[in-house]
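Student: Starting from these lines, generate the structure:
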Amino acid sequence: MAESPRIRSSSSPLFVLTISICLGIVTGQREAFQTTSILVATIIVSGGFALLAISFLRNRTRWATTFLILAFFGAGTVLSIIENRPIASHRIARLYEEGAIAPGDPVEVTGVVVGEPEPAPHSFYLTVQTETIQLRQTDKTVSGTILLYARTSDEGALAQYEALELHHGARIRVMTRLERDADFRNPGVSPFTEYLERKGYDATGVIKSPLLIERLDDQRVFLPRAWLYQWRARLQREFTQRFSPDTTAVLNAALLENAHNISYRTAERFRAGGTFHILVISGMQIAFIAGVVLLIVRRITQSAILQFMLAAAFLWSYTIAVGAETSVTRAALMFTIAAFAPVIARKPV
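Tutor: Numbering: from 1, shown residues only. Next up, the predicted model:
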C-alpha cells in the first residue's frame, strides 16, 4: 500500500501558519478569554514568540519555526478576542442601536477633525472623532467616528468653510442629524450599517451651512501624521490644476483613495473594461509603488538594512496618508516582511 504523503512545515509553510492562526481564532472564541487582562497578556506573549522566532532564524531553524507557529496562534487569539469584545456603552453606534439617538434627531456634536477635508464635486467630506454630544438639552460624553457631508454650492459658502480652517486636529462643534441606516438599498447589497463598520464610521451626517459649525481650539496632534495628511491634500490640488477633471478623478482614486470625484461615465468605462478595481487602492498599487521605491533606494545605498528602512518608512507613510484601509495595510505588511528577508540573508519565497 502506498504511503500517504505527509505535510511538512518546510514544504507547506503557509498551510501550517493558516492552521495555527485558525486554531488561535477558535481558542479566542471562548468566553473565559473575553477579558482585557487576557488580551494584554496574549499580545505580550505573542510578541515575545515573534521576537524569539526572529532571533533564532539564522542558527536554529527548528526553534524559529516553533516560535513562529506559536506567534501566529497568539495572533489569531488576539484577533478573535478583539472581534468579540462588546461595543462600549458610550459609542455612538451603541447609543443609536439602543434608541438613545433616534434617526433624524438634531444633535450638537463636539469632536476633532481627523485628516483633511475630502474634496468632492461642489462639496467635501469631513471625518470627526467625537467627544461629546448634546441631545435634548443634555450633554453626554461619547466616542466613535462620524462622517459629515457639506455642500459648497457657491463661492461664499466655500470661503466660509475655508475660513474655519478645518484641518487635522481642529476641534469643532456642529449641529447635524446623525443617520446610521440607509432609507433603501438594492436586493443583495450589504446593509448600510455593515458598510459603516467596515469603514470605521459610527454614523453619517449632513452639514447644511457653515454657520452651523463653531470652531474651537486645536487638539495637539502627532505632527508627522498631520504633515502626511497635508501632503495628500496638496497633491490632490496639484492634480486638479494640472489635469482634466476625469484624469484628476482617476489619479485621486487610484493613488490617493478618494473616489468621490469619479463620474458615472468614467466609472462605467472602467467597469466595462474589467478594470474598475484599479480605482480602489489595493495590493496591486502597493506592490507597484513599493517596487519602484525599492529600486530607487537600491541606487542610493548598498546597505540592505538602509534599503529596508527607507523603503518601509516611505511605504508606511503612504499607507497612513491614504487612510490605512485593511487591504492597503495588509499589502504594506506583506511587502515589509518580504523586504526584510535580505536583511537576515534569506531570499523571499
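Student: Going by C-alpha atoms from here, please, whenever you check contacts or count neighbours.
Tutor: Noted.
Student: Check what contacts stretch 266-280 and list those residues.
Tutor: With Cα atoms under 8 Å, 6 or more residues apart in numbering as the test, stretch 266-280 has contacts from 246, 250, 253-254, 257, 259, 285.
Student: Go again with 10 Å.
Tutor: 246-247, 249-259, 262, 265, 284-285, 327-328 (Cα atoms under 10 Å, 6 or more residues apart in numbering).
Student: which parts of that stretch are buried?
Tutor: By 16 or more other Cα atoms under 10 Å, the buried positions in stretch 266-280 come out as 267, 278-280.
Student: And stretch 218-227, by the same measure?
Tutor: For stretch 218-227, by 16+ other Cα under 10 Å, it's A226.
Student: end-to-end on that stretch?
Tutor: Length of stretch 218-227, first residue to last, Cα to Cα, to the nearest Å: 15 Å.
Student: picking that back up, the contacts of stretch 266-280, buried ones only, as a ChimeraX selection?
Tutor: Burial among those is assessed by 16+ other Cα under 10 Å; the matching ChimeraX selection reads:
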select :246,249,250,251,252,253,254,255,256,257,258,259,262,285,328
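Student: which one of the buried residues of stretch 266-280 is nearest L70?
Tutor: V280 (34.4 Å; Cα to Cα).
Student: so how far is L294 from that closest one?
Tutor: In terms of Cα to Cα, V280 sits 23 Å off from L294.
Student: swap in T319?
Tutor: Taken as Cα to Cα, the span from T319 to L294 is 16 Å.
Student: same question, Q219
Tutor: 36 Å.
Student: and what of P86?
Tutor: 42 Å.
Student: Please say which of the two ends up with more neighbours.
Tutor: L294 (20 against 9; other Cα atoms under 10 Å).
Student: contacting residues around the host helix or strand of the more buried one?
Tutor: Element membership of L294, judged by DSSP states H and E, is helix 283-300. Identification of contacts with helix 283-300 by Cα under 10 Å, 6+ apart yields 254-255, 277-279, 303-304, 306-312, 314-316, 318-319, 327-332, 334-336, 339.
Student: In strands, which of those appear?
Tutor: Of these, none are assigned to strands by DSSP state E.
Student: ok, of these, which come out buried?
Tutor: 254-255, 278-279, 304, 307-308, 310-312, 315-316, 318-319, 328-332, 335-336, 339.
Student: Point out the other helices and strands that the helix or strand encompassing G205 packs with.
Tutor: Take DSSP H and E as the rule and G205 turns out to sit in strand 203-207. Packing partners of strand 203-207 (3 or more Cα pairs under 10 Å, 6 or more residues apart in numbering; DSSP states H and E): helix 92-97, strand 123-135, strand 145-151, strand 170-177, helix 192-199.
Student: hmm, who's touching that strand?
Tutor: 92-93, 96, 104, 125-127, 144-151, 174-181, 192-193, 196-197, 213.
Student: filter the residues you listed to the buried ones?
Tutor: Applying 16+ other Cα under 10 Å to the contacts of strand 203-207 flags 92-93, 96, 125-127, 144-151, 174-181, 192-193, 196, 213 as buried.
Student: Could I get the contacting residues of the closest residue to Q34 other than its chain neighbours?
Tutor: Of all residues not flanking Q34 in the chain, I81 sits nearest, at 5.9 Å (Cα to Cα, 6 or more residues apart in numbering). Applying Cα under 10 Å, 6+ apart, we find I81 in contact with 24-31, 33-36, 38-39, 42, 75.
Student: any idea how far L79 is from R85?
Tutor: Taken as Cα to Cα, the span from L79 to R85 is 10 Å.
Student: Can you get me a residue count around A313?
Tutor: That count, for A313 with other Cα under 10 Å as the rule, works out to 13.
Student: same check, this time on P342
Tutor: P342, neighbours per other Cα under 10 Å, totals 15.
Student: hang on, it packs against Q302?
Tutor: No. Between P342 and Q302 there is no contact under Cα atoms under 10 Å: 11.7 Å.
Student: and I92, how far is that from I82?
Tutor: Counting by Cα to Cα - I92 and I82 are separated by 19 Å.
Student: cool, and Q134?
Tutor: 30 Å.
Student: Worst mean pLDDT across the helices and strands of this structure, which element?
Tutor: Among the helical and strand segments of the chain, the one scoring lowest on mean pLDDT, DSSP states H and E is helix 192-199, with a mean of 68.
Student: between L79 and R85, who's got more neighbours?
Tutor: The neighbour count for L79 versus R85, taken as other Cα under 10 Å, is higher for L79 (17 against 11).
Student: Hmm, the more buried one is touching L23, no?
Tutor: No. Checked against Cα under 10 Å, the pair L79 and L23 is beyond contact range at 11.6 Å.
Student: Could you list the domains of the protein?
Tutor: When the chain is parsed with automatic domain parsing, its domains come out as 13-84, 92-221, 225-344.
Student: Next, the contact list for A163, please.
Tutor: Contacts of A163 by Cα under 10 Å, 6+ apart are 157, 210, 215.
Student: So what's the residue count around the first one?
Tutor: In other words, A157. The number of residues near A157, taken as other Cα under 10 Å, comes to 16.
Student: okay, now the closest residue to it other than its chain neighbours: neighbour count?
Tutor: Excluding its sequence neighbours, the residue lying closest to A157 (Cα to Cα, 6+ apart) is P210, at 6.8 Å. The tally of other residues near P210 (other Cα under 10 Å) stands at 21.
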